[in-house]
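A.B. asks: generate a structure from the sequence data that follows.
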Amino acid sequence: MATLQQAETARRKHADTLARAGAHSIGVESGEAFQHDGYVVVAYAEPGQKLELPDTLAVGAHTKVPVVIHHAEKFKPESL
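C.D. replies: I've put the predicted structure just below:
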């Protein structure tokens, strides 16, 4: 079970790797909605897009933070 601080550290440490794999946004959320205890790193992908990501991200020698993929369109600002 990852704490919020551990999940944030994992997100910062691995953000470039997740982005190169195709995630258009990367966040940290409570794992409850994803059937995980504690916190998870969420990699957002376009609907239908397949991402090859690890199941967990290492933070230190003994902590692994779960990674979940959530499919959602990229944010598009509205024009005025």
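A.B. asks: Val68 sits in which helix or strand?
C.D. replies: strand 63-71 (DSSP states H and E).
A.B. asks: what's the answer for Lys76, then?
C.D. replies: Per DSSP H and E, there is no helix or strand for Lys76.
A.B. asks: Ser25: neighbouring residues, count only.
C.D. replies: 14 (other CB atoms under 10 Å). (Each C-beta comes from the backbone N, C-alpha and C, glycine too.)
A.B. asks: let me see the contact set for the residue nearest to the spatial centre of the chain.
C.D. replies: Centroid check for the chain by CA atoms, centre = their mean gives Val42 as the closest residue, at 2.4 Å. By CB atoms under 8 Å, 6 or more residues apart in numbering, the contact set of Val42 is 26-29, 34, 67-70.
A.B. asks: what's the span of stretch 12-26 from first residue to last?
C.D. replies: With CA to CA, to the nearest Å as the measure, stretch 12-26 spans 9 Å from end to end.
A.B. asks: and the gap between Glu29 and Glu78?
C.D. replies: 25 Å (CB to CB, to the nearest Å).
A.B. asks: what of Val28?
C.D. replies: In terms of CB to CB, Val28 sits 26 Å off from Glu78.
A.B. asks: which one of the two has more residues nearby?
C.D. replies: Neighbours were tallied for Val28 and for Glu78 using other CB under 10 Å; the higher tally belongs to Val28 (20 against 4).
A.B. asks: OK, contacts around that one?
C.D. replies: 4, 7-8, 11, 39-42.
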